[in-house]
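Visitor: Sequence below, structure please.
(2 chains)
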Amino acid sequence: AQSVTQPDIHITVSEGASLELRCNYSYGATPYLFWYVQSPGQGLQLLLKYFSGDTLVQGIKGFEAEFKRSQSSFNLRKPSVHWSDAAEYFCAVANPAGNNRKLIWGLGTSLAVNP
Amino acid sequence: KAGVTQTPRYLIKTRGQQVTLSCSPISGHRSVSWYQQTPGQGLQFLFEYFSETQRNKGNFPGRFSGRQFSNSRSEMNVSTLELGDSALYLCASRWAFGDTEAFFGQGTRLTVV
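Guide: Down below sits the predicted model:
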């Protein structure tokens, strides 16, 4: 079955420290891959996406993610975290074939940032 | 350009009642999807509408239904509410069915008491 795993439920980092959020997927083929962020009381905002090509993708707010086919992973990174990055982060996948773009989600990683 | 608008933002209902939530997609977008978000289950896909037709459906009971109007606005309805239906309901709009990028509204927080 298709699934997305975010192994870390909660992460706390200090402001200015680097960040890596993990995402592993189980899928028949390489899916479309997404990272979304959800701030408290808000909807979801797309940070970045990977469809094909360069395995290192750049997103908004200084985030990047690297697709590793051999590890079925799509980890999100940021070199220096800001207090405003505190939020819930979701990894998601979608079928690359046909028109079914139903998103399958991980359970999310809650990020806290210490001043 | 206005984003995805969901109304109301908050709702409190009693078990057994029914509820209707509304979603107005981004202007020009014709596909609307609905998701249920709960702490234990995360984000679960409910259904997707495009051109007033349901194109995709998740694994939810028949108490959950939806529709889309000719102006692309969508409503979802939950009948005979149960305590477990308490959740954040998110709507996402896309330019077209099969489009890769979804834009989300702020959600409707439904509490069933």
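
Visitor: For the rest of this, base every contact and every neighbour count on C-alpha atoms.
Guide: OK.

Visitor: Find the centremost residue of chain B, please.
Guide: The centroid of chain B falls nearest to B:Trp34 when counting by C-alpha atoms, centre = their mean (3.4 Å).

Visitor: Spatially, what comes nearest to that one if we skip its sequence neighbours?
Guide: Excluding its sequence neighbours, the residue lying closest to B:Trp34 (C-alpha to C-alpha, 6 or more residues apart in numbering or on different chains) is B:Cys91, at 4.6 Å.

Visitor: Helix, strand or coil: sort out the one you found for me.
Guide: strand (DSSP: H, G, I helix; E, B strand; the rest coil).

Visitor: what's the answer for the one 5 residues further on, then?
Guide: Secondary structure, three-state DSSP: B:Ala96 is coil.

Visitor: and the helix or strand B:Leu11 falls within, which strands flank it?
Guide: Following DSSP states H and E, one finds B:Leu11 within strand B:10-13. When pairing is defined by DSSP bridges, strand B:10-13 lines up against strand B:108-112 (parallel).

Visitor: Residues contacting the partner strand, please?
Guide: Applying C-alpha atoms under 8 Å, 6 or more residues apart in numbering or on different chains, the external contacts of strand B:108-112 come out as B:6-15, B:21, B:81-90.

Visitor: List buried members of the residues you listed by neighbour count.
Guide: Burial by neighbour count, judged by 16 or more other C-alpha atoms under 10 Å in any protein chain shown, picks out B:6-7, B:9, B:13, B:15, B:21, B:81-82, B:85-90 from the contacts of strand B:108-112.

Visitor: quick one: which of these sit in strands?
Guide: If you go by DSSP state E, the buried ones among the contacts of strand B:108-112 have B:Gln6, B:Thr7, B:Lys13, B:Leu21, B:Ala87, B:Leu88, B:Tyr89, B:Leu90 in strands.

Visitor: any idea which of these is closest to B:Ser27?
Guide: Proximity of those to B:Ser27 (C-alpha to C-alpha) peaks at B:Gln6, which lies at 13.7 Å.

Visitor: Tell me who's in contact with the closest one.
Guide: By C-alpha under 8 Å, 6+ apart, the neighbours of B:Gln6 are B:Leu21, B:Ser22, B:Cys23, B:Ser24, B:Cys91, B:Gly105, B:Gln106, B:Gly107, B:Thr108.

Visitor: Bridged to it, which residues?
Guide: Beta-bridge partners for B:Gln6, by DSSP bridges, are B:Cys23.

Visitor: Do you know the pLDDT at it?
Guide: The score at B:Gln6 is 97. That number is its pLDDT.
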